[in-house]
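> Give me coordinates for this.
(chains A and B)
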Amino acid sequence: MSFHPNEVARRARVVSGALAVLFVLLLGAFFRTQIVENSRYALQSEENRLREVPLPAPRGIIYDRHNEVLAENVPGYSVSLLSPSADSLRASLERLATMVPLSPEEIDLSVRRYRRAPYRPTVVLSDASFDVVSVLEERRIEFPGLIIQSAPKRYYPDGAAVASFMGYVGEITEAELASPNYRGYKTGQQVGKGGLEKEYEDSLRGTEGVRFVEVDARGRVVREAGARQDLLPKSGPPLYTNIDLELQKYTASLFADSLQGGAIALDPKTGGVLALYSAPSYDPNLFIGGIPQDLWKALNDDPRRPLYNKVIQGRYPPGSTWKLATAAIALESGIVTLDDRMPEPCTGGFQFGNRYFKCWNHKGHGDLTLAQAIEQSCDVYFYQLGLKVGLTRLVAGGIRFGGRDRSGIDLPDESRPLFPYADAEEYYDRKYGKRGWSQAVLLNLAIGQGENAQTVANMARFYTALATDGTESRPEIARHKPDRTRVFTLSEDQFAGLRVALAGVVSSGTARSAQIHGTVLAGKTGSAQNSQDRTRDHAWFVGFAPADDPKIVVAVLIEFGGHGARAARIASEIIQSYLKVAPAAHINTEG
Amino acid sequence: MASRRIVVDVPLVLTALLLSAYGICMVYSAGQTDVPTSATHAWASQIRWLIFGIVAAYAVSRASVRFFEWAALPTYLMSLVLLALLLVIGKGAGTAASHKSWIAIGGVRLGQPSELAKVTVVLMLARVLAARREPPKSLLDLWQPALVAFLPWALIMMQPDLGTGLVFIGIFFAMLYGSGVPCPLLVLVASPAVSLILAFNTSLWGAWFLLLLALVLWYKPFMLEGVGLMLANVVMGVVAPVLWERLAPYQRHRLLVFLDPSIDPRRSGWHVIQSQVAIGSGGWLGKGFLMGTQKRLAFLPEQHTDFIFAVLGEELGFIGVTVALMLFLFLLLRAVRVAERANDSFSSLVAMGLASSWLVHIIVNVGMTLNLMPITGIPLPFFSYGGSFMLACWLAIGLLSRISSEGRGARVGELAI
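The predicted structure follows:
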């Protein structure tokens, strides 16, 4: 071989140079990975080791007008699992099911939750009892991905009494997750379902925090805390409502167990909702942490429909309570005064064309002024008044008073009332055919029957206009900026006259049994025919007190309650309680 | 140079000591995980092997280079026998669980004969090449060294152990270069292997073939050789797909994953992706000694053996990597210096061979952690946990020391013992 020292030295130089170049290249590769691409790999490494465990934020506390708590949070526990795969999650859950109550359906549900968000701990029990938690803590070592943490749990101290406007909270459903309204929500989170909880969800929910746990390559939790600074949850701000809890509870007690219907009490000047109750109610506390199947079924199968809000969802023909609308429209347009009489006195009925329209009092009321007709709720008078006002004006007035609009109360799922639209002729043509109807529809409209169905909340809103100077206040539970609209203009005297007539309803008219000692209650009863039970009408009463300076407007509806006097007595009790006055001594409580 | 005193090449030994200490620190760190692994106590055993290795290196340095020249043939033959025996009674371990690369008696793994073979092949090749007066000038002249390298290589490829096979190829070419074989001839020797790889792309292979043709015409080997060589290239191009088919599925998979780890991120690609993440997340200074999260939480596979350099990159960052690579570079340059100053061609070639063996280990192992090289499971000298490899590395240090002490040149910084 060529072993001349010069040759050897030359080759050694070549080799040394090649080595140096090789190592510099290698170092360059490390420089690229460690320095240039560092941020990318650092992120990947953090994603590898950290799992975010959500820390649910306490929901905002809900207060009544006197800062009494309507909804608060109590300590609870949630149990979740971190798993590397759906199969391993299922296996863990099946082992868990031998120790804690966990149905196969719940296991399936959890696996579905996992598939939606595999890197989030899968909620297994969103409201675990202390017993369950202690069993799991003892055997924690068998479940390396188990995460038990305290999670604030919603609690309603007065449960069923406030359910009608409160709603409840529950885990977000897959349908909700898919909807754009819930963008940014993640599976397993609690959201408001119905009522204020849903209406004010955005503010009540607060901001979820994050705890970081460290996991190994197989998804087992290695370190519970300290892996990275936790982001603490921020609780939602408190929600101050106009509700008067004492009145609310009293209202709930008036309905007892046997009555079904609804009541709403408003402050006429602001629209603030003092009480809102739909009977029968349910206890929303039982819904927290998942609604038990049998309870849900029982509530849905109950013929009295506890989950159906009779104040904002139920639509009932307003009956005689609507006569005030007819009267106001007629007075406003100057067709009549409060002292005017109609051509035909009431003889218990009214012949119109080939049809005979009965008055509720078939003995007849005789010859009445408008004020007396309101007091006695004389149908015959209002049939004739309706004909005088005419279809177009009657419908336009009803629309102006909000007969076609939702009350606008700050609650979700309010029903829109039924009422003809402005082009009333066309409305009836379309409904009954071109020659299928006559002016007889006017007679029905004038007494609050026919094509008219209102919610209890809507009627209360209309009466805020009667209780003030013709200005309607939108019902507000948690809003504090009154939204008021003038809907009709009458003279001072006319208003005074109407209120006197309404006071007469209670003092000597159809609602005598609802008199209050010490104040003057003004209001109107109503009976609405219904298709379900022709023998028992829905009973209405809408009124306010004191008549000369109204502080409260109340609307009450009792389904199948018969005569409006029954509703009037409940309204009377609500008002007495609110105004802190004694009932009249001679009240006859017989229905 | 029959003196009983030898002169220690202090920089060489010191570098090896530093590398070993660095390596043991990393093996210790690799054992510190949140999930207990078998690597927890590996560092203690590694220290014992280091001490054993240093003692053995001292013993080797007391023996004359002539003794090794004499021992080359018998030890070479012994390694061949062991390698052949391995195919019958071999055991697997670690990432290479399916390889029959371990000799075990009564269930206790004694060592990997391929480690021994690396040294004996170096000695044998040095002996064969040094025996020639002139460097090989034609392909035919290369048959002897080619045979010496081919036999153990073939036995190792039958285990199969691609990584170690790569080391033998590296040793073979480096020693041919060291013995003065001209570069064009080396290219011609390597050409069939290049054809084998390029055969997957016809136009690339065509370009290579034309280049080779030009080289053959310019270098003018014997007619027969030239024709044979071109023929060999054609044959390689043709059989490549057939060979591909005959590779074990896991080997094929490894090569494909090397080309693109993301095709199998949870399984085969996992190792290299997690290794890159570990190194890349290290940054300038790393996450701190013992603090690597990829390692602690078991994202890094084989963290104390094949992927020990990823632990280093994660915990000590670019600075730590630079220090390690500079130490390795210095060790190799020092070995080349030993080769340059050796007294005779045999010694010089041995030094060259040992250095090239280390070089292939370093490049393949370190390159693997960055996905620059396919995963072959060959260890990193002085770092990877493993007794017989630590011992082999220190035996090489002993041998280099001896050669250095018998060689000529300045004695600056060298110590007589």
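
> quick one: average confidence on the helix or strand containing A:R10?
Per DSSP states H and E: A:R10 is located in helix A:5-31. The average pLDDT within helix A:5-31 is 92.

> try stretch A:137-153
Average pLDDT, stretch A:137-153: 84.

> That stretch vs chain B: in contact?
No - figure legend: stretch A:137-153 not in contact with chain B (C-beta under 8 Å from any C-beta of the partner chain); closest approach 10.2 Å. Every C-beta, even on glycine, is put in place using the N, C-alpha and C of the backbone.

> distance between that stretch and the chain's centre?
Chain-centre distance of stretch A:137-153: 35 Å, with C-alpha atoms, centre = their mean, to the nearest Å.

> who touches that stretch?
A:53, A:55-59, A:73-83, A:92, A:95-96, A:99, A:121, A:126-128, A:133, A:136, A:211, A:213, A:215, A:219-221, A:235, A:288-289 (C-beta atoms under 8 Å, 6 or more residues apart in numbering or on different chains).

> Enumerate the positions of that stretch that are buried.
Within stretch A:137-153, the residues that count as buried by 16 or more other C-beta atoms under 10 Å in any protein chain shown are A:F143, A:P144, A:G145, A:L146, A:I147, A:I148, A:Q149, A:A151, A:P152, A:K153.

> cool, and stretch A:381-395?
Neighbour counts over stretch A:381-395 (16+ other C-beta under 10 Å) mark A:381-391, A:393-395 as buried.

> what's near enough to touch whatever residue of the stretch 201-350 of chain B ends up closest to chain A?
Using C-beta to the nearest C-beta, B:G280 is the residue of the stretch 201-350 of chain B that sits closest to chain A, at 2.6 Å. Going by C-beta under 8 Å, 6+ apart, B:G280 touches A:T33, A:Q34, A:E37, A:N38, A:R40, A:Y41, A:A42, A:Q44, A:S45.

> can you narrow the residues you listed to ones near chain B?
Among these, proximity to chain B is found for A:T33, A:Q34, A:E37, A:N38, A:R40, A:Y41, A:A42, A:Q44, A:S45 (C-beta under 8 Å from any C-beta).

> Looking at the residues you listed, state which has the most neighbours.
Highest neighbour count within the ones next to chain B among the contacts of B:G280: A:Q34, with 28 neighbours (other C-beta atoms under 10 Å in any protein chain shown).

> Report the contact partners of that one.
By C-beta under 8 Å, 6+ apart, A:Q34 lies in contact with A:Y41, B:I279, B:G280, B:G282, B:G283, B:W284, B:G313, B:G317, B:F318, B:V321.

> The last one against A:G28, yeah?
No - here B:V321 does not reach A:G28: they are 11.4 Å apart, not a contact under C-beta atoms under 8 Å.

> Which member of the buried residues of stretch A:137-153 is positioned nearest chain B?
Using C-beta to the nearest C-beta, the buried residues of stretch A:137-153 come closest to chain B at A:P144, 10.2 Å.

> check which helix or strand covers the closest one.
Per DSSP H and E, there is no helix or strand for A:P144.

> Equivalent analysis for B:F173, please.
Using DSSP H and E, B:F173 maps to helix B:162-178.

> What average pLDDT does the following helix or strand past that helix get?
Note on helix B:162-178: by DSSP H and E, the next helix or strand toward the C-terminus is helix B:183-198. On average, the pLDDT along helix B:183-198 is 82.

> does any bit of helix B:183-198 sit next to chain A?
No - Helix B:183-198 does not reach chain A (C-beta under 8 Å from any C-beta); its nearest approach is 9.4 Å.

> what residues are up against B:P374?
Contacts of B:P374 by C-beta under 8 Å, 6+ apart are B:L162, B:R254, B:L255, B:F258, B:M368.

> The last one and B:G377, how far apart?
From B:M368 over to B:G377 the distance is 8 Å, taken as C-beta to C-beta, to the nearest Å.

> Common neighbours of the two, please.
By C-beta under 8 Å, 6+ apart, the residues touching both B:M368 and B:G377 are B:D306.

> Tell me which helix or strand in chain A has the weakest average pLDDT.
strand A:221-223 (a mean of 79; mean pLDDT, DSSP states H and E).

> what about the helices in the stretch 51-200 of chain B?
Counting by DSSP state H, counting those that start in this stretch, the segments of the stretch 51-200 of chain B that form helices are B:65-89, B:113-130, B:143-157, B:162-178, B:183-198.

> Kind regards, and thank you for your time.
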